[in-house]
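Asks: next comes the sequence, and after it the predicted model I'd like to discuss.
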Amino acid sequence: MRLISIIFSFKNEEKNLKELEKRVNSSLSILKNWKYEMIFVNDSSDDKSEEILLDLQKTNPITIINMTRTFGVGPCVLAGFRHTKGDAIIYMDSDLQDPPEILTKLIEEHEKGAEIVHTVRTKRLGESSFKLLITKLAYKIINYLSDIPLPIEAGDFKLISKTALSKILEQKEFRPYVRGMSVWVGYKQSFVKYERQSRSDGQSKFPLYSKGPITEFINGITSYSLKPLYLGILLGFFSLLFSISLIVYALYAKYIGIAVPGSTSIIITISFFSGILLLTIGIVAIYIARIFEQTKGRDQYVIKNIKNFDWSERAWIFRTKINYFLLMKLKYLIFRIL
């Protein structure tokens, strides 16, 4: 029997966890050659999520990793990666927008030889047209600027083999863009298409204009491309041509006796060049910030505790059920004989 590890990063999902566990069990119960474990990384929830998981842990192979504070999805996913035991892992959100029913399809693609299986969203139900437009535009910008072909509409719902995962974890980036890293690492890759559902319950943890999506967008651009830095060179060359044109115009106007415009042209020129300088400095500052984060040497996250599933207790529960079944069978036989 091979082991598949399902990793969930969550914060305050008390209304979804029971349904999530039920649907994951229902989906994976039909597998013949795989057993599974579920790893829930708790990003410092302040609701009853942990209590619910501890109750579910009594009868399910669940490991709970509790963070000391909120670190965000990326660090939590990495924590799950580093504490998995599976021959392959699947990481996904816990809000039930990504249906657990297609978990078996990812495993089937892996059994066919794919080391990494991406899920691609053909539809995103429950999201506004404006958000879909902005999201699609962001994916296209990231893909256009990236040095590797990042799949569009492929989010945080993937299968990664143990071989590929070991190579991903060998990388020393402080703030890795995991969606891109799964492509960068190479190996045979496959895709499973699905319709993303609307959120089952609660509010989205990543509104369109919140810190999370904006940080992911910047991270996606700067992790696999130096092209934004080249933009400064292009703008500098353009501004040089612009300034030369202004000088030529001023000399020509003076030569033919036309008065050169004064304060208005000066204000426009200063504003134009100031905008170019600030934009270029801002782009360079983002890359410098990534270098600064990398050189500080801090841990990506801090784990408060890990509550593992008691396999000996699980075995005892299983034996108890078997013994009960045999006892009832024996009573039935004795009843038939008498």
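Replies: Thanks, I have it.

Asks: now stretch 24-43, how far from the centre of its chain.
Replies: 19 Å (C-alpha atoms, centre = their mean, to the nearest Å).

Asks: mind listing what's buried in it?
Replies: 24-25, 27-28, 31, 34, 36-43 (16 or more other C-beta atoms under 10 Å). Using the backbone N, CA and C atoms, a C-beta is placed for each residue, glycine as well.

Asks: now stretch 68-88
Replies: For stretch 68-88, burial by neighbour count (16+ other C-beta under 10 Å) applies to 71-81, 83-84, 86-88.

Asks: least confident pick among the buried residues of stretch 24-43?
Replies: Within the buried residues of stretch 24-43, pLDDT reaches its minimum at residue 31, with 80.

Asks: grab the longest helix from this structure for me.
Replies: Scanning the chain for the helix with the most residues, using DSSP state H, yields helix 263-296.

Asks: what about it, average pLDDT?
Replies: 74.

Asks: make 19 the first number, not 1, from now on.
Replies: All set: I'll call the first residue 19, so the last point we hit is now helix 281-314.

Asks: who are the packing partners of it?
Replies: helix 229-241, helix 245-273 (3 or more C-beta pairs under 8 Å, 6 or more residues apart in numbering; DSSP states H and E).

Asks: state the distance from residue 174 to residue 195.
Replies: 11 Å (C-beta to C-beta, to the nearest Å).

Asks: neighbour count: these two, which is higher?
Replies: residue 195 (22 against 17; other C-beta atoms under 10 Å).

Asks: worst-scoring helix or strand of the protein, pLDDT-wise?
Replies: helix 329-355 (a mean of 53; mean pLDDT, DSSP states H and E).

Asks: specify the beta-bridge partners of residue 27.
Replies: residue 59, residue 111 (DSSP bridges).

Asks: assess the claim that it and residue 89 are in contact.
Replies: No: using C-beta atoms under 8 Å, residue 27 is not in contact with residue 89; the gap is 9.5 Å.

Asks: list residues touching both of these two?
Replies: residue 61 (C-beta atoms under 8 Å, 6 or more residues apart in numbering).

Asks: how close does residue 274 sit to residue 267?
Replies: Distance from residue 274 to residue 267, by C-beta to C-beta: 11 Å.

Asks: okay, those two: which has more neighbours?
Replies: Neighbours were counted for residue 274 and for residue 267 using other C-beta under 10 Å; residue 267 has more, 14 against 7.
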